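>>> Fold the stuff below for me.
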Amino acid sequence: MLGVVSVRPGPLRQWFLDAPHGLRAMSLRGQKAPHRDGFGYAYRDGRGRMRVFRWGKEGLSAAGEGLPGDLAVASDLVVAHLRKASPEFAGLRGGVDAHPLVYGGLVLAHNGTIRDAHVLDPGPGTDSQRLVRWLAQRWTDGTLSGLAQALDDLLGIVQDYTAINLLVTRGQGLFAFCCFRQDPDYYTLHWKKTPEHVIVASEPVDQSLDWQALSNGVVLEVRPNLAVAQRRVQGA
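Next up, the predicted model:
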């Protein structure tokens with residue numbers, strides 16, 4: 001899972017393929033690899049619209065050890081995810097089950113499993129699909145405080161989960177939430193700020209010492225101007 005906010009558009013392949021431990025490398029050689037059950041990315045285009053592309057396991061297989069899609073396209077806001085299916089959902093196939101998910105203008109990528117996600121939404125789909133529908137209706141103001149409150153409400157409803165690690169955006173800036181109950185080495189999110197961009201990723205994408213671990217129970221906001229703010233979610 002990877003999200004980037006940049007001061008100027010850059011090619012997707014910079015983070016997906018070219019970085020020493022970019023998204024492709026994580027999917028093949030990262031922790032608990034392989035992560036090749038689904039692939040997707042969302043990016044903001046030149047008109048300010050979020051565009052989303054997703055592939056299932058078959059699409060990844062056709063790409064060999066690469067990644068499908070037009071990775072030469074440039075953007076200043078990117079959310080990407082390579083899926084390792086939870087055991088409960090391992091039999092699902094097709095790009096529709098890949099992340100990021102979109103509902104009501106909200107783009108969301110999720111790592112972890114919420115076993116009691118049915119309490120959020122009675123509709124069909126995976127835990128993540130139920131989550132995106134619930135969160136899109138609860139978090140409508142696009143603010144850090146509003147998201148922290150919605151996540152606090154969420155943790156008062158669901159009880160049986162491994163992790164609720166999220167990258168979310170409504171097309172203006174990026175939010176990341178780290179929340180896990182096991183395997184901290186696997187579920188901790190990492191972030192790094194430079195003068196050109198802020199990156200949030202499941203694992204550091206390079207060998208620099210500037211990476212910070214996002215604390216368990218903390219939501220991070222990255223604004224379009226790269227200003228960063230953090231807030232602890234009370235129920236975490």
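
>>> all helices for the chain, in order.
13, 23-29, 57-62, 127-138, 144-155, 184-187 (DSSP state H).

>>> deepest of those, which one?
Most buried of those by mean neighbour count (mean count of other Cβ atoms under 10 Å) is helix 127-138; its value is a mean of 22. All C-beta atoms are positioned from the backbone trio N, CA, C, and that covers glycine.

>>> and for that one, what are the contacting residues?
86, 88-89, 99, 101-106, 108, 110, 113-115, 117-118, 120-121, 123, 150, 153-154, 164, 168 (Cβ atoms under 8 Å, 6 or more residues apart in numbering).

>>> Make a PyMOL selection of the buried ones in those.
Those of the contacts of helix 127-138 that count as buried under 16 or more other Cβ atoms under 10 Å are selected in PyMOL with:
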select buried, resi 86+89+99+101+102+106+108+110+113+114+117+120+121+150+153+154+164+168
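
>>> And the helices of the chain: which comes nearest Gln172?
Proximity to Gln172 (Cβ to Cβ) singles out helix 144-155 among these, at 12.0 Å.

>>> Check the offset of the closest one from the chain's centre.
For helix 144-155, the separation from the chain centroid amounts to 17 Å (computed by Cα atoms, centre = their mean, to the nearest Å).

>>> Same question for stretch 215-234.
14 Å.

>>> now swap in stretch 18-31 and tell me
Here stretch 18-31 shows a centroid-to-chain-centroid distance of 15 Å under the convention Cα atoms, centre = their mean.

>>> Restrict it to CA atoms and write it as CSV.
The C-alpha atoms that make up stretch 18-31 are tabulated as CSV, following Å, rounded to 0.1, in the frame of the first residue of the first chain:
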residue,chain,number,x,y,z
ASP,A,18,11.8,2.6,-10.1
ALA,A,19,12.1,3.1,-6.3
PRO,A,20,14.6,0.6,-4.8
HIS,A,21,11.8,-1.0,-2.7
GLY,A,22,8.8,0.4,-4.6
LEU,A,23,5.3,-1.2,-4.9
ARG,A,24,6.4,-4.0,-7.3
ALA,A,25,9.3,-4.9,-5.1
MET,A,26,7.0,-5.0,-2.0
SER,A,27,4.6,-7.2,-3.8
LEU,A,28,7.3,-9.7,-4.8
ARG,A,29,9.8,-9.6,-1.9
GLY,A,30,8.2,-7.5,0.9
GLN,A,31,6.9,-8.9,4.2
